[in-house]
Every structure is written in C-alpha cells, then in structure tokens.
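>>> Below are the sequence and a predicted model for it; my questions follow.
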Amino acid sequence: MRHTLSTLRKTLAGGRKLAMLTCYDASFARLMDAAGVDTLLVGDSLGMVVQGHDSTLPVTVDDIAYHTACIARGAPRAFLVADMPFGSYHEDAAQAMRNAVTLMKAGAQMVKLEGGAEIAPIVKQYVLAGIPVCAHVGLLPQHVNAVGGFRVQGRDAASAERILADAQALDAAGAAMVLIEGVPEDVGRRVAESVGAITIGIGASGACDGQVLVMHDMLGMTDRPARFVKDFTRELAPGEGNLIERAFRAYAEEVGAGRFPAAEHVYAATGDAAAAYGG
Ligand code: KIV
Ligand code: NA
C-alpha cells in the first residue's frame with residue numbers, strides 16, 4: 001500500500017521521523033522504496049545532478065513529469081512529491097493550475113513550490129483543487145540569481161523572522177508539508193515548532209519531522225558537498241546485499257531514529273563558516 005499523508009502522520013505519531021530522498025528514475029526508486037525511504041522527491045535538482053546544468057533554472061514541467069512517471073513505476077510504497085520548476089507558477093492562476101495538474105497526472109501525490117507568504121494564494125488554489133502542497137522556504141535555489149549564490153538564509157534577526165512568518169503563512173494557507181532549506185539550526189527548529197504541517201529539513205534542523213538529501217550527495221558523488229551532506233556509503237560494514245540499497249537503508253534508519261542530522265551537519269547562527277552553503 002502506498003504511503004499517504006495520513007500514513008506519514010501515523011509514522012510520526014509512532015515516534016519515527018520521515019526519511020525523504022530525491023529520486024529521478026525507476027531503478028533507484030525501487031531500491032529506496034525497498035530500503036524504507038518514506039518519501040521520494042523529484043527535485044528540480046535534476047537540472048544539476050542529472051542534466052549537468054549549474055542551476056535548477058533550465059528544468060521544465062515536462063522534465064519533472066517524465067521523471068515523476070519513472071519513479072512512480074519503480075516505487076510501490078513511497079509517498080511521491082514533485083517539484084514545480086522555475087517560472088512554472090508565476091504567470092497566472094491558470095498556468096499554475098495547469099502545470100501542477102500535469103505533475104499530479106504523472107503520478108505525484110503532492111507538489112512542492114519555492115516561495116514565501118506571497119505564494120499563499122497559489123497554495124490555497126491548489127488545496128481547493130485537491131492538490132496537496134509542500135512549501136519550500138529558507139534557501140530557495142530558484143532565486144540563485146537574485147541572491148547571488150547558494151547562501152545560508154535567516155542569519156540575521158530580520159531575515160529569520162521573515163522565514164518564520166513565511167512558513168506560518170504557508171501553513172495557514174493549507175500547505176500539508178513545509179520544507180526548510182539552508183538556515184541556522186535555531187531558525188529551522190523554530191519553524192518546525194511553529195507550524196502544524198509536516199516539516200522536512202535540509203541544512204536546517206534535526207527538530208524537523210523529517211529530512212531530505214539529494215541522492216547523489218548522500219551516495220558521495222558530489223565534489224565539494226555542503227556541510228549538511230553525509231555520505232552514507234562510507235560507514236557501511238561489510239555485508240550482504242546491494243551497496244546502494246544498504247546506504248539508503250542506513251539513511252532511512254538514521255533519519256527515522258533521529259540520529260541524522262548530527263551537530264556537524266547543521267549551521268550555527270553566526271560565524272563565517274556558516275556563511276557559504278557549499279563546503
Ligand atoms: O530539488 C531538490 O532536490 C530540492 C531539495 C530541497 C532536496 O528541492
Ligand atoms: Na528543488
């Protein structure tokens with residue numbers, strides 16, 4: 001039986017946190033599913049890790065739909081989330097609805113969109129149409145040109161308060177999930193503690209209801225990984241079974257039990273070491 005929002009909530013009520021990974025094809029989806037990864041995200045990170053671009057901006061709705069259909073065929077159990085790519089919900093309500101519907105028809109159970117309180121009307125529109133929403137706050141990779149790089153957000157009081165207000169506005173608009181990326185640990189924790197939605201952290205806080213990593217990062221395939229990345233292929237004891245599936249299983253277990261992220265994977269509120277996202 002495939003996970004739904006209510007079975008994800010049951011998992012949380014049972015004292016397990018939620019493990020999410022990005023996924024782009026059926027073979028990895030099958031291994032993640034078998035390893036107990038609760039939810040798979042077709043992230044627009046595919047623009048970087050699959051297509052080889054240096055940002056997520058070139059990714060299209062058709063790209064995400066294609067990869068969503070691929071992972072839906074591979075994973076019988078995991079909850080499936082698909083990213084709304086750059087510019088796919090900013091023209092008008094009709095464009096926003098048409099593109100989200102395309103991803104749901106491809107097999108997504110939820111769409112994820114980057115933005116703050118200003119996109120609350122789109123969240124409401126989706127929820128009214130029966131499209132569950134994951135809001136994405138904090139570091140927004142689709143804003144890389146506006147920000148001038150991938151930089152930890154919420155490092156001063158004003159920006160931290162804005163992220164908190166954004167998360168609360170999106171929660172109030174009906175987002176069932178809020179993903180928090182690239183913020184100091186205390187900002188991530190405050191978001192996790194102040195919204196009713198399921199919270200998923202990446203470079204945020206262990207206080208979130210769950211965690212997500214980009215698959216290629218947690219398999220150790222990335223050149224200069226960010227602080228929040230752990231290579232789960234490193235500590236595998238000799239043993240039976242496919243190495244990649246065992247790395248996924250270790251991830252699902254460490255996230256589920258609240259052992260990942262550790263202190264070394266989160267950002268401090270102050271200090272130069274926390275300023276740059278990568279490295
Ligand atoms: O595209 C992506 O991979 C994401 C991350 C937050 C995991 O959105
Ligand atoms: Na994304």
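That came in fine, so what should we check first? Residues are numbered from 1 along each chain as shown. Ligands and ions are numbered 1, 2, ... in the order given.
>>> For this protein, which residues are neighbours of ligand 1?
Proximity of the chain to ligand 1, by Cβ under 6 Å from any ligand atom, involves residues 22, 41, 43, 44, 45, 83, 179, 181, 202, 212, 214. (C-beta placed from N, C-alpha, C; glycine too.)
>>> count of neighbours near the last one?
The burial count assigned to residue 214 is 22, neighbours taken as other Cβ atoms under 10 Å.
>>> Strands along the chain, start to end?
18-22, 39-42, 79-83, 110-114, 133-138, 177-181, 198-202, 210-213 (DSSP state E).
>>> Need these in a markdown table (columns: distance to residue 63, mean pLDDT and mean neighbour count).
Below are the strands of the chain laid out as a markdown table (distance: least, Cβ to Cβ, whole Å; pLDDT from 0 to 100; neighbours: other Cβ atoms under 10 Å):
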| stretch | distance to residue 63 | mean pLDDT | mean neighbour count |
| --- | --- | --- | --- |
| strand 18-22 | 14 | 99 | 27 |
| strand 39-42 | 9 | 98 | 29 |
| strand 79-83 | 10 | 99 | 27 |
| strand 110-114 | 14 | 98 | 25 |
| strand 133-138 | 18 | 98 | 28 |
| strand 177-181 | 20 | 98 | 28 |
| strand 198-202 | 21 | 98 | 27 |
| strand 210-213 | 19 | 98 | 26 |
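>>> Which of those strands sits closest to residue 223?
strand 210-213 (15.7 Å; Cβ to Cβ).
>>> Can you pull out the residues in contact with the closest one?
17-22, 38-39, 41, 179, 198-202, 228-230, 251, 255, 260-261 (Cβ atoms under 8 Å, 6 or more residues apart in numbering).
>>> how does it look with 6 Å?
With Cβ atoms under 6 Å, 6 or more residues apart in numbering as the test, strand 210-213 has contacts from 17, 18, 20, 200, 201, 202, 255.
>>> Quickly check those for the two that are furthest apart.
Of all pairs drawn from the contacts of strand 210-213, the widest gap by Cβ to Cβ lies between 17 and 202 and measures 13.4 Å.
>>> Need the pLDDT of the closest residue to ligand 1 within the chain.
When scored by Cβ to the nearest ligand atom, the chain has residue 43 as its residue closest to ligand 1, at 2.3 Å. Reported pLDDT at residue 43 in the predicted model: 98.
>>> ok, now residue 273?
So residue 273 comes in at 50 (pLDDT).
>>> Identify the residues contacting the helix or strand of the chain with the lowest mean pLDDT?
Lowest on mean pLDDT, DSSP states H and E among the helices and strands of the chain sits helix 144-147, with a mean of 93. For helix 144-147, contacts defined as Cβ under 6 Å, 6+ apart pick out residue 55.
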